[in-house]
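# curious how this folds, go ahead:
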Amino acid sequence: MPAKFLFEVFVNHQWVPVLVGRSGRQVVVELPGRHVTVDVVELSEGAYSLLIDGRSYDVTVGATERQYRVSVGGSEFNVCLRDPREFRNQAPLSSDSLGPMPVAAPMPGRIVKLLVREGQTVNAGQGIIVIEAMKMQNELRAPRAGTVEEIRVTENQAVNAGENLLVVG
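As a prediction, this is how the structure comes out:
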């Protein structure tokens with residue numbers, strides 16, 4: 001398999017690290033705790049046929065800058081992608097070399113509740129912080145299993161979009 005590249009994708013109110021490698025029509029996607037091999041065929045610009053675990057999916061993708069609207073089987077998802085050029089090191093990575101992962105505020109808001117403490121062990125997908133933005137509360141989840149190495153905010157603190165809230169190592 002050729003080199004893998006690290007991206008961060010904003011899905012379900014959190015930034016998730018994704019390692020992606022491609023060989024011909026096959027794409028290997030490594031998510032926290034899960035590896036998926038996808039056969040990809042581009043049908044036309046923005047339209048793809050994906051084969052995942054023996055199931056076929058027709059997918060359309062529309063993009064505006066770093067935002068994507070993905071349609072799968074009649075369901076639509078908004079997906080944000082962090083520009084890979086923001087990463088200092090584009091060398092091949094392994095899932096063990098991801099290192100400490102900061103959890104960033106997806107939007108400006110206010111920290112309502114810290115659900116973890118420094119030194120606490122967390123599971124991938126576990127709720128770690130509740131942030132309020134536009135009168136809605138969103139629970140941010142751990143991007144992977146690990147230990148909360150540092151908490152950089154306090155409850156009731158105002159935060160900006162992209163501000164690092166805590167670090168999971």
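# what residues are up against Val148?
116-120, 122, 128, 166-168 (Cβ atoms under 8 Å, 6 or more residues apart in numbering). For glycine as for every other residue, the C-beta is placed from the backbone atoms N, C-alpha and C.
# again, 7 Å this time
116-120, 122, 166, 168 (Cβ atoms under 7 Å, 6 or more residues apart in numbering).
# any idea what it is bridged to?
When bridges are taken as DSSP bridges, the partners of Val148 come out as Val168.
# distance-wise, check it relative to Phe10.
20 Å (Cβ to Cβ, to the nearest Å).
# repeat that for Gly74.
Gly74 is 22 Å from Phe10, by Cβ to Cβ.
# sketch out the low-pLDDT regions of the chain for me.
Along the chain, segments meeting pLDDT under 70 span 1-3, 11-15, 63-67, 78, 82-99.
# hmm, 90 instead?
Scanning the chain for pLDDT under 90 picks out 1-36, 40-42, 44-50, 52-109, 123-126, 131-146, 160-164, 167-169.
# which residue is nearest the centroid of it?
With distances taken as Cα atoms, centre = their mean, Val16 lies nearest the centre of the chain, 1.9 Å away.
# what sits against Glu132?
By Cβ under 7 Å, 6+ apart, the contact list for Glu132 reads 109-110, 112.
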